[in-house]
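# need coordinates for the following:
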Amino acid sequence: MMQPNHEANNPFEPGFRLEFVLIYCGVMALVFYTHSKCYQFGVVAEDGSVERRKEIYYTAGAALEAAKNWIALKNFENNA
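Just a heads-up that it's a prediction; the model follows:
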């Protein structure tokens, strides 16, 4: 029998929770609390592509600001 892999940050396991959902520059950012007791973010682009960032943050606010900055940078790169 296969055992659950808690390192994979399965959203159905205890300890994983969604903190913020933000639509910014046409991109949806999701900030979540992980089993590792830190925060991360992922983004869903207008075309439906998903990118989950590996960086960790110690507060939800820091992860949210990082998500906004990452989206703004990508938006700038795409429009340059």
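# kindly state the pLDDT recorded for the residue nearest to the spatial centre of the chain?
Geometric centre of the chain, nearest residue: residue 41, 1.6 Å, by C-alpha atoms, centre = their mean. Confidence at residue 41, expressed as pLDDT, is 94.
# quick one: secondary structure of it?
strand (DSSP: H, G, I helix; E, B strand; the rest coil).
# tell me what it is bridged to.
residue 31 (DSSP bridges).
# identify the residues contacting the closest residue to residue 50 other than its chain neighbours.
Nearest non-adjacent residue to residue 50, counting by C-beta to C-beta, 6 or more residues apart in numbering: residue 44, 5.3 Å away. For every residue, glycine as well, the C-beta is placed using N, CA and C. Listed by C-beta atoms under 8 Å, 6 or more residues apart in numbering, the contact partners of residue 44 are 27, 28, 30, 50.
# test my guess that the third one contacts residue 16.
No: judged on C-beta atoms under 8 Å, residue 30 makes no contact with residue 16 at a distance of 11.7 Å.
# those two: which is more packed in?
Set side by side, residue 30 and residue 16 show more neighbours around residue 30, with 18 against 15, by other C-beta atoms under 10 Å.
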